[in-house]
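Undergrad: what follows is a protein structure lacking sequence information:
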């Protein structure tokens, strides 16, 4: 078996993956192209390299992924050296311990998939109400402003009533008391003068 025959499945897989990635990132090409390339492996590798260079030139995402792979290659390779190797019996017990969770999740997924999408025609009247809702919102804003203006006027009237009613009435009572006191003094003087006249006679 020649080297070209050994590398052919790998090259086919690389070409297929590169086509799918290019289609996903740029939308160009055919992701489902299954045509076979009969050229030698070296020529196909050079073509793959050129296609990859073109993809990184067109897609910033592809260029960033390649740069990340160049700087941190370990990120793209899973480290299996530290994995714990469990015995089949232990693995079976772990699976059985979570069997109820799997069943419950499966039932919930089935219930979600069986849910019917509401008929959008029932929402049309609500959409038509939007104009009326906007008018009501404007009216509510106007009424709120009017209520604020009325509260301000009420506060001003209350202050005016307090100043002219309560304080003003207090000043009037003080004035009337002073007048009554002056009248009382005058009456007493007149009575005293009249009494002196009577005593002189």
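TA: Everything's here; your move. Because the structure is a prediction, the values reported are computed rather than measured.

Undergrad: okay, now the domains of the protein?
TA: 3-72, 124-200 (the TED database).

Undergrad: how about JSON lines for those, with mean pLDDT and distance to residue 117 added?
TA: Backbone N, C-alpha and C define where each C-beta goes, glycine included. JSON lines is the format used below for the domains of the chain (pLDDT from 0 to 100; distance: least, Cβ to Cβ, whole Å):
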{"stretch": "domain 3-72", "mean pLDDT": "80", "distance to residue 117": "29"}
{"stretch": "domain 124-200", "mean pLDDT": "87", "distance to residue 117": "15"}
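
Undergrad: for those, give me a markdown table that also has mean neighbour count.
TA: Putting the domains of the chain into a markdown table (neighbours: other Cβ atoms under 10 Å) gives the following:
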| stretch | mean neighbour count |
| --- | --- |
| domain 3-72 | 13 |
| domain 124-200 | 10 |
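
Undergrad: can I get the ones you listed in JSON lines including distance to residue 98?
TA: Shown next, in JSON lines, are the domains of the chain (distance: least, Cβ to Cβ, whole Å):
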{"stretch": "domain 3-72", "distance to residue 98": "33"}
{"stretch": "domain 124-200", "distance to residue 98": "44"}
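
Undergrad: now for those, which one comes closest to residue 112?
TA: domain 124-200 (24.9 Å; Cβ to Cβ).

Undergrad: gap between the two ends of the closest one?
TA: 112 Å (Cα to Cα, to the nearest Å).

Undergrad: centre of the chain versus that domain, how much separation?
TA: 51 Å (Cα atoms, centre = their mean, to the nearest Å).

Undergrad: next: stretch 42-59.
TA: Put simply, stretch 42-59 sits 43 Å off its chain's centre (Cα atoms, centre = their mean).

Undergrad: can you check stretch 194-201 too?
TA: The chain centroid and the centroid of stretch 194-201 are separated by 102 Å, computed with Cα atoms, centre = their mean.

Undergrad: next one: stretch 65-80
TA: Distance of stretch 65-80 from the chain centroid (Cα atoms, centre = their mean) equals 35 Å.
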